[in-house]
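In: compute the structure for the input listed below.
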Amino acid sequence: MDMGIYCVELLLEVFGDPKSISLNCKKLSNEFMASGKIVAFYDEFKATLLFSKVEDISVSGEIVFKSARVNIDNCANLSNIFIVNQDGKHSYLKFNGSD
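Out: Presented below is the predicted three-dimensional model:
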């Protein structure tokens, strides 16, 4: 599976290995994955990863908390990261690259 690798790498880097995972995917007629959903289960929460080569997904990565969410424009190189609070206020994070 090469699709979804950037969001999986980010998930593992931030939260570590999940207790278990589930994967649902849509395949093209040639059996290649077109899109999918991974749910990673941790002790205190679950993480849902969506990925697609055929559908428009509005944000590359999103981490949702009770009081805010973190949006990541490009999971491959961690650019344009911002936090959206419950009141809708955006705070941008500066990040110097993925290394």
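In: what lines up beside the helix or strand bottoming out on mean pLDDT in the chain in the sheet?
Out: None of the helices or strands of the chain scores lower by mean pLDDT, DSSP states H and E than strand 61-64, at a mean of 76. Using DSSP bridges, strand 61-64 pairs in its sheet with strand 68-74 (antiparallel).
In: can you pull the domain assignment for the chain?
Out: With domains defined by automatic domain parsing, the chain comprises 1-57, 58-99.
In: any idea which of the ones you listed scores lowest on pLDDT?
Out: Ranked by mean pLDDT, these end with domain 58-99 at the bottom, a mean of 75.
In: residues of the least confident helix or strand of the chain that come out buried?
Out: 61-63 (16 or more other C-beta atoms under 10 Å). Placement of C-beta: from N, CA and C, glycine included.
In: can you redo these as TSV with distance to residue 76?
Out: What follows is these, written out as TSV (distance: C-beta to C-beta, whole Å):
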residue	distance to residue 76
61	10
62	15
63	16
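In: burial count for residue 17?
Out: By other C-beta atoms under 10 Å, 9 other residues sit near residue 17.
In: hey, where'd the strands end up in this protein?
Out: Under the criterion DSSP state E, the chain contains strands at 20-27, 33-41, 46-52, 61-64, 68-74, 79-85, 90-93.
In: strand partners (parallel or antiparallel) of the third one?
Out: Based on DSSP bridges, the strands next to strand 46-52 in the sheet, each with its direction, are strand 33-41 (antiparallel).
In: cool, the first one as well?
Out: Applying DSSP bridges to the sheet, strand 20-27 is found paired with strand 33-41 (antiparallel).
In: touching the strand it pairs with from outside, list them.
Out: If you take C-beta atoms under 8 Å, 6 or more residues apart in numbering as the criterion, strand 33-41 is touched by 1, 3-4, 7-8, 11, 15, 18-28, 46-55.
In: apply 6 Å and report the result again.
Out: Applying C-beta atoms under 6 Å, 6 or more residues apart in numbering, the set of residues contacting strand 33-41 from outside is 3, 18-28, 46-52, 54-55.
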